[in-house]
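Colleague: Please work out how this folds:
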Amino acid sequence: MNRTAWTGPCGEGWEAIGAYSARIEAPFRTPETRQALATLAAARDSAFASCGRLRLFKAEGPHGGRPPLLLVQPFAAARLPGASAPAPLRAVEAAARLLGRPYSIDGRVVHGDKIGRQLGFHTANIRIKHERPPLQGVFAVEVRGLPGGPHRGAANLGYRPTAHQVVRALLEVHLLDFSADIYGAHLNVRFLHKLRDEMKFPDFNALKAQIASDVAAVKAYFQL
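Modeller: Take a look at the predicted model:
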């Protein structure tokens, strides 16, 4: 394992692990954590892993994504050593705190099976690199890469259990108050707030009602 003390993209406290820059907060600097990070760094198709009560995941670094980053955060029920109360960290907010910016995924808009359109909610289907992304669920997002942006939206990142479940994760974004042909566009999606986990619904009517509720929640989050 290649590990040296160095000054990383956000200052002191970063280490080089393989081709990655890793930030490990003091309570979690153990040989087990570092070995788990090294294993994740070497895994080409994995974007996240776990080590005990810690969640480890990959993220793009600054300046065009270099150096790429490895981040460590406690699971929601984890307690920081010496803390007097549990530290319920939400994955999206915790990632933003560690990165110094929202966690984001880049990808190109591709043709889908138009289910969102059938339900009354047009979505941009974005091809992503990782088979197992570090986040899953429904989110309030900010989208960059389109004219007039950044644009706000509701995103589903997961396996779409109700409508034609897939084996590879999909990122689907419904942009608020935006309508244009954007096939082929390369977008950057920033995850700002998680609304809920992905769910399976009994029929499309129940799914449509939930999507409407999600969009309303996203508008409330952005105070629109």
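Colleague: rest of the way, CA atoms for contacts and neighbours
Modeller: Noted.
Colleague: give me the element residue 173 is part of.
Modeller: Counting by DSSP states H and E, the element that carries residue 173 is strand 170-175.
Colleague: Quick one: distance of whichever helix or strand comes after that strand to the chain centre.
Modeller: The helix or strand immediately downstream of strand 170-175 is strand 186-196, counting by DSSP H and E. Strand 186-196 sits 7 Å away from the centroid of its parent chain (Cα atoms, centre = their mean, to the nearest Å).
Colleague: tell me the angle strand 186-196 makes with strand 170-175.
Modeller: Angle, strand 186-196 to strand 170-175, by axes from the mean of the first three to the mean of the last three Cα atoms, to 10 degrees: 90 degrees.
Colleague: Tell me which other helices or strands strand 186-196 touches.
Modeller: Applying 3 or more Cα pairs under 8 Å, 6 or more residues apart in numbering; DSSP states H and E, we find strand 186-196 packed against helix 91-99, strand 103-110, strand 137-144.
Colleague: Deepest in the core, which of these is it.
Modeller: strand 137-144 (a mean of 22; mean count of other Cα atoms under 10 Å).
Colleague: sorry, back to before: take the helices and strands packed on strand 186-196 and lay them out in CSV including mean pLDDT.
Modeller: CSV is the format used below for those (pLDDT from 0 to 100):
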stretch, mean pLDDT
helix 91-99, 73
strand 103-110, 90
strand 137-144, 92
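Colleague: closest to residue 120 out of those?
Modeller: Smallest distance to residue 120 across the helices and strands packed on strand 186-196 (Cα to Cα): 17.3 Å, for strand 137-144.
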